[in-house]
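**Q** Here is a sequence with its predicted model. Questions after.
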Amino acid sequence: MTGSTETCPGCGAVLDAEEGPTHRYMTSSAACWRRFGDLLAAEYSIEALMPTHRLSVDTYAVQHPGNGSRQAIQSVGLHLARLMIHLGSPKPPKEMNNVMLRLGTRKATLHLLERPERFAMTIADVAPFVGTERHAEMVLAWAQCSWDDWSEHHGYIRDWVDAA
Ligand SMILES: [Zn+2]
């Protein structure tokens, strides 16, 4: 099956089809998941990319909202909340951890949110820049686009965070 492409059921990235592992509840194509792995590997190996790393994890999670299980619902809600805070009012890592711990205690109250129909940017747009000097800039654009794609639920997430 060389030369065939596959659309990721999460983010919609169209990539050359490949065999491989995927995440347990963040439903994706194997090709998409592998590129996310490559991106994480670059971030782990370049110290300056650690702040970018948190954005990458949140962004990938909200683009792969998964199977509707309780765990998937909570994952999407928490990652949307963290993405909102990172993009809107960034906090030092320690303070951010405390905020996330507090939010985590209320994750059972999160509702299933209808996912956006499509995402303006996917990992396919970021992959060519992984490990280059434009890595952080591309991830930031990917993160901002993804947050905007979820705009229908911004009010819900903001209220949920404020209630904590
Ligand atoms: Zn994907």
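**A** Yes, it's here.
**Q** Is H23 located within a strand, as I assumed?
**A** No: under DSSP: H, G, I helix; E, B strand; the rest coil, H23 falls outside any strand and is assigned coil.
**Q** Could you count how many residues lie near the nearest residue to it once chain neighbours are set aside?
**A** Closest residue in space to H23, ignoring its immediate chain neighbours: W33 at 6.2 Å, by C-beta to C-beta, 6 or more residues apart in numbering. (Glycine included, C-beta is placed from N, CA and C.) The local packing of W33 (other C-beta atoms under 10 Å) involves 21 other residues.
**Q** which residues touch W33?
**A** Counting by C-beta atoms under 8 Å, 6 or more residues apart in numbering, W33 makes contact with 20-23.
**Q** Around the ion, pick out the residues from this protein.
**A** Within reach of the ion by C-beta under 5 Å from the ion, the chain has these residues: 8, 10-11, 13, 28, 32.
**Q** which SS class is F36?
**A** On the three-state scheme (three-state DSSP), F36 is labelled helix.
**Q** If you could redo that for E6, that was the one I meant.
**A** strand.
**Q** Kindly indicate which of the contacts of W33 lies nearest M121.
**A** Checking the contacts of W33 against M121 with C-beta to C-beta, the nearest one is H23 at 19.7 Å.
**Q** ok so, going back, among the contacts of W33, who's most crowded?
**A** Within the contacts of W33, T22 tops the neighbour count with 19 neighbours, counted by other C-beta under 10 Å.
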